[in-house]
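Colleague: Model the following, please.
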Amino acid sequence: MMEFPAQTEMVNMCLSGKQAEALGTETPEPSFTGAENQELEEFLPHAPGKEKPRFTDFEGKTSFGMSVFNLSNAIMGSGILGLAYAMANTGILLFLFLLTGVALLSTYSIHLLLISSGIVGIRAYEQLGYKAFGTPGKLAAAIAITLQNIGAMSSYLYIVKSELPLVIQTFLNLNEKTSDWYMNGNYLVIMVSACVILPLALMKQLGYLGYASGFSLSCMLFFLCSVIYKKFQIPCPVPWSNMNYTMADNMTLLTAGLTYQNGQSHEAEIESTECSPKMFTINSQTAYTIPIMAFAFVCHPEVLPIYTELKDATKKKMQRVSNISIAVMYCMYFLAALFGYLTFHGHVESELLHTYSYVDPFDILILCVRVAVLTAVTLTVPIVLFPVRRAIHHMLFQNKEFSWVRHTLIAILLLTLINLLVIFAPNILGIFGIIGATSAPCLIFIFPAIFYIRIMPKDREPMKSTPKILAACFAGLGVLFMIMSLSFIIIDWTTGSSKSSGSH
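Modeller: Residues are numbered from 1 along each chain as shown. Sure, this is the predicted structure:
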């Protein structure tokens, strides 16, 4: 998902007293003065004699349609690449049921956030935590958002590690990967991080944010259209071009009980086994399904800043924006998962785009999709890194003046940590699973519910009132989901049954 929590902090820090009063918000703390304000300046030049544009210049002027686009863009992200794998391990009907449930629960949690923000007049996730539980609440929200963003950046860089060697292989017209360094994904992800992402991450403010956001959403739409098109172009059984994959595929068929007689296979039996979609299935990989879905639907830190920018903003109008955005993403997610699964059935990998390389490594359409997705995720990493660095600054260096040395070191340390995670992670499934089972349930289920229970005055809604009981059950569901998902994932790791993306 392409999350951009930078807006959350920027809204709060840029609001002046009068603007905050007009919005019905409190002036946030801490305020930035002196050299720290340099971080809020854009790197794009502005015309002499004109006031520098600020984030709040457009506050309250964003149309309903553009707000839907912004929130849809905040929801959409790398999670869409893992949904076909989730469907392969649940079946179509169970997947549809779970996806619908997560989408509806996300809508309800946004409803709780909007009510809470309306009561206290605060439109920032961390500040709601501060209002509800003081500094511990603010730190908990900031840590959850930070972990979510680190997971998002790791998933983006894992896509670079996985897909960039295939792009180079196609351009060089190589029939198979070589041992040369420029075909090693670990080396390539380090080079991209050092040469492209780090210079962009060192900007004081990412002025290309809007352009990169729109481009990223366009790339994912292109990806979806390509997945649908390839479903009707690739026959079933899939004609694997990679011999190792074909041998593994044949072994799977043999162990499934398919027999060969007189050198001739039962082609009809093979086809019915390979090409029959499953409606319902459960296996060791099913544990990753809900975490992948939760990871794909996290957009809650961006809801309140978008609410602030909405023209003629009301709680009802913002709820409509959220409902439409989630509905649009729900349809895109289901279509991407369905057509990806119907193309490869049980052989789809945890990163769908990688699976196409085993059919035709030189497919021009898939090459274009890869280049587009790689460009989008590379440009998005510094955008997501920006609020993580600011959160670290708030937690550890709150009263310090702006320092280029500290600004640079934090970016380098974050990128180093993320690169290590990407290099040593066996597949992208682990990233989706862990982040989707930890920070995602906190941001979607637990925090909105407990903030609502704490902030809503008892004289308006007693603790035994139906809305608060529902919110408490909602928070309990999040805790239960977190415990169960983590337990199943740890069991899967210890038994060594997890499939490695790209291992065929």
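
Colleague: Next, the contact list for Ile282, please.
Modeller: Applying Cβ atoms under 8 Å, 6 or more residues apart in numbering, one finds that Ile282 lies in contact with Thr90, Leu94. Glycine gets a C-beta too; all of them are placed from N, C-alpha and C.

Colleague: Can you list the low-confidence ranges for the stretch 251-400 of the chain?
Modeller: Regions of the stretch 251-400 of the chain meeting the criterion pLDDT under 70 cover residues 251-274.

Colleague: same thing but at 90, please
Modeller: The stretch 251-400 of the chain contains residues with pLDDT under 90 at 251-315, 344-364, 366, 369, 372-400.

Colleague: Which parts of this structure are strands?
Modeller: Ranges of strands in the chain, per DSSP state E, are 260-261, 264-265.

Colleague: Give me the distance between Trp404 and Ile410.
Modeller: The spacing between Trp404 and Ile410, counted by Cβ to Cβ, to the nearest Å, is 11 Å.

Colleague: quick one, which of these two is more surrounded?
Modeller: Each of Trp404 and Ile410 has its neighbours counted (other Cβ atoms under 10 Å); Ile410 has more, 20 against 11.

Colleague: Apart from its chain neighbours, what residue comes closest to the more buried one?
Modeller: Counting by Cβ to Cβ, 6 or more residues apart in numbering, Ile410 lies nearest to Arg389, which is 4.8 Å off, once chain neighbours are set aside.

Colleague: Grab the longest helix from the chain for me.
Modeller: What stands out as the longest helix in the chain, according to DSSP state H, is helix 135-171.

Colleague: hmm, back to that, please look at the residue nearest to Ile410 and Ala411 and confirm they touch.
Modeller: Yes: at 6.2 Å, Arg389 counts as touching Ala411 under the criterion of Cβ atoms under 8 Å.

Colleague: Overlap in contacts, those two.
Modeller: Both Arg389 and Ala411 are contacted by Ala201, under the criterion Cβ under 8 Å, 6+ apart.

Colleague: all helices for the stretch 51-200 of the chain, in order.
Modeller: Secondary structure of the stretch 51-200 of the chain (DSSP state H, counting those that start in this stretch): helices at 64-75, 83-88, 92-120, 125-133, 135-171, 185-192, 198-201.

Colleague: neighbouring contacts of the second one?
Modeller: If I follow you right, that is helix 83-88. So helix 83-88 is contacted by 95, 99, 227, 285, 288-289, 292-293, 296, 333, 336-341, 344-346, 348-352, 429 (Cβ under 8 Å, 6+ apart).

Colleague: Buried subset of these as a ChimeraX selection?
Modeller: A single ChimeraX command selects the buried members of the contacts of helix 83-88 (16 or more other Cβ atoms under 10 Å):
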select :95,99,227,285,288,289,292,293,296,333,336,337,338,339,340,341,344,345,348,349,350,351,352,429
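
Colleague: for the longest helix of the chain, packing partners?
Modeller: With contacts taken as 3 or more Cβ pairs under 8 Å, 6 or more residues apart in numbering; DSSP states H and E, helix 135-171 sits against helix 125-133, helix 185-192, helix 352-355, helix 364-396, helix 404-424, helix 428-437, helix 439-441, helix 447-455.

Colleague: Ok, which of those comes nearest Pro235?
Modeller: Within the helices and strands packed on helix 135-171, the stretch nearest Pro235 is helix 352-355; the backing value is 15.1 Å (Cβ to Cβ).

Colleague: For the closest one, output the C-alpha coordinates as CSV.
Modeller: This file holds the C-alpha atoms of helix 352-355, laid out as CSV (Å, rounded to 0.1, in the frame of the first residue of the first chain):
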residue,chain,number,x,y,z
LEU,A,352,2.5,-12.3,-8.4
LEU,A,353,4.6,-10.3,-10.9
HIS,A,354,7.6,-12.7,-10.4
THR,A,355,5.5,-15.7,-11.6
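
Colleague: Just give me how far it sits from the chain centre.
Modeller: Chain-centre distance of helix 352-355: 17 Å, with Cα atoms, centre = their mean, to the nearest Å.

Colleague: residues of that helix that come out buried?
Modeller: Across helix 352-355, burial judged by 16+ other Cβ under 10 Å covers Leu352, Leu353, His354, Thr355.

Colleague: Distance to Ala327 added to those, as a markdown table?
Modeller: Formatted as a markdown table, these follow (distance: Cβ to Cβ, whole Å):
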| residue | distance to Ala327 |
| --- | --- |
| Leu352 | 22 |
| Leu353 | 25 |
| His354 | 29 |
| Thr355 | 28 |
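
Colleague: how about JSON lines for the helices and strands packed on helix 135-171, with distance to Pro199 added?
Modeller: Formatted as JSON lines, the helices and strands packed on helix 135-171 follow (distance: least, Cβ to Cβ, whole Å):
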{"stretch": "helix 125-133", "distance to Pro199": "28"}
{"stretch": "helix 185-192", "distance to Pro199": "11"}
{"stretch": "helix 352-355", "distance to Pro199": "26"}
{"stretch": "helix 364-396", "distance to Pro199": "9"}
{"stretch": "helix 404-424", "distance to Pro199": "10"}
{"stretch": "helix 428-437", "distance to Pro199": "25"}
{"stretch": "helix 439-441", "distance to Pro199": "28"}
{"stretch": "helix 447-455", "distance to Pro199": "34"}
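
Colleague: So which of those helices is nearest Ala103?
Modeller: Minimum separation from Ala103 across those (Cβ to Cβ) falls at helix 439-441, 13.6 Å.
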